[in-house]
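> sequence-free structure coming up:
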């Protein structure tokens, strides 16, 4: 049986964090989780402490890459076999987490939750950018990912090792593309996602254009110059029972 850690990066998510975690706890009561407070300026950290949520409290804002990387280091050091990236804004649905884990058990290293695996993408400027990334990954790896920008992903132990020990592994489509080129096996499952109910997303219409262009350029050009290889597949690690809250 896989020992799974759900990593919840949170930046100024005071309006969402408690209901998001409570829903995760009620839907997947057997899953360990940790909230990584990414230097929030609101009450995110205080609410986590008051509710007894396992917390990694970063003193400054490191961005999504730093927050997820911190969670991956925690997962690696505590011997987890798999880690799930799960948004704190309420968009990701916890009922899909067991399906992600089941797919990973089939021998994959990365399994993403796709909104479009069985459903067509809407024709919008943002979705056209997503198709560009899908095409770039297909051309460079031979792998078709229908929803490459989805942040709901589960990673195997050897991918946890990569994120925990390498500094150039942001949890973005270009890193997924790079890991596939280096031998990672990737797959998707069909999911639905909620609309954000509070707060604002970094990827507004203007930022989305720049993000899609950067990802496309990185996949097609930058990642080709990166070396290295993945560590061998490791047996299931011995999970520690250390539940102590870190703050």
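Arrived safely. Everything numeric in this text was worked out from a predicted model, so none of it was measured. Numbering: from 1, shown residues only.
> Going by C-alpha atoms from here, please, whenever you check contacts or count neighbours.
OK.
> what packs against the helix or strand hosting residue 101?
For residue 101, the element it lies in under DSSP states H and E is helix 97-104. Secondary-structure packing of helix 97-104 (3 or more C-alpha pairs under 8 Å, 6 or more residues apart in numbering; DSSP states H and E): strand 110-114, strand 153-156, strand 186-190.
> and the ones you listed as JSON lines, adding mean neighbour count and distance to residue 5?
Shown next, in JSON lines, are the helices and strands packed on helix 97-104 (neighbours: other C-alpha atoms under 10 Å; distance: least, C-alpha to C-alpha, whole Å):
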{"stretch": "strand 110-114", "mean neighbour count": "25", "distance to residue 5": "14"}
{"stretch": "strand 153-156", "mean neighbour count": "25", "distance to residue 5": "9"}
{"stretch": "strand 186-190", "mean neighbour count": "20", "distance to residue 5": "19"}
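> Turn these into a markdown table, including distance to residue 175 and mean pLDDT.
Putting the helices and strands packed on helix 97-104 into a markdown table (distance: least, C-alpha to C-alpha, whole Å; pLDDT from 0 to 100) gives the following:
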| stretch | distance to residue 175 | mean pLDDT |
| --- | --- | --- |
| strand 110-114 | 11 | 98 |
| strand 153-156 | 12 | 98 |
| strand 186-190 | 12 | 98 |
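> closest one to residue 101 among those strands?
strand 153-156 (7.1 Å; C-alpha to C-alpha).
> picking that back up, buried sites along the helix holding residue 101?
Using 16 or more other C-alpha atoms under 10 Å as the test for burial, helix 97-104 gives 97, 99-101, 103-104.
> how about residue 31, what does it touch?
With contact set as C-alpha atoms under 8 Å, 6 or more residues apart in numbering, residue 31 has these partners: 4-6, 25.
> nearest to residue 78, of those?
Relative to residue 78, the closest of these is residue 5; by C-alpha to C-alpha it sits at 9.6 Å.
> For the closest one, give its distance to residue 211.
Going from residue 5 to residue 211 by C-alpha to C-alpha, to the nearest Å gives 28 Å.
> hang on, the earlier thing: list the ones among the contacts of residue 31 that fall in strands.
Applying DSSP state E to the contacts of residue 31, the entries found in strands are 4-6.
> what's the spacing between stretch 182-198 and its chain's center?
8 Å (C-alpha atoms, centre = their mean, to the nearest Å).
> In CSV: the ones in strands among the contacts of residue 31, plus neighbour count and distance to residue 173.
Formatted as CSV, the ones in strands among the contacts of residue 31 follow (neighbours: other C-alpha atoms under 10 Å; distance: C-alpha to C-alpha, whole Å):
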residue, neighbour count, distance to residue 173
4, 24, 22
5, 24, 21
6, 23, 20
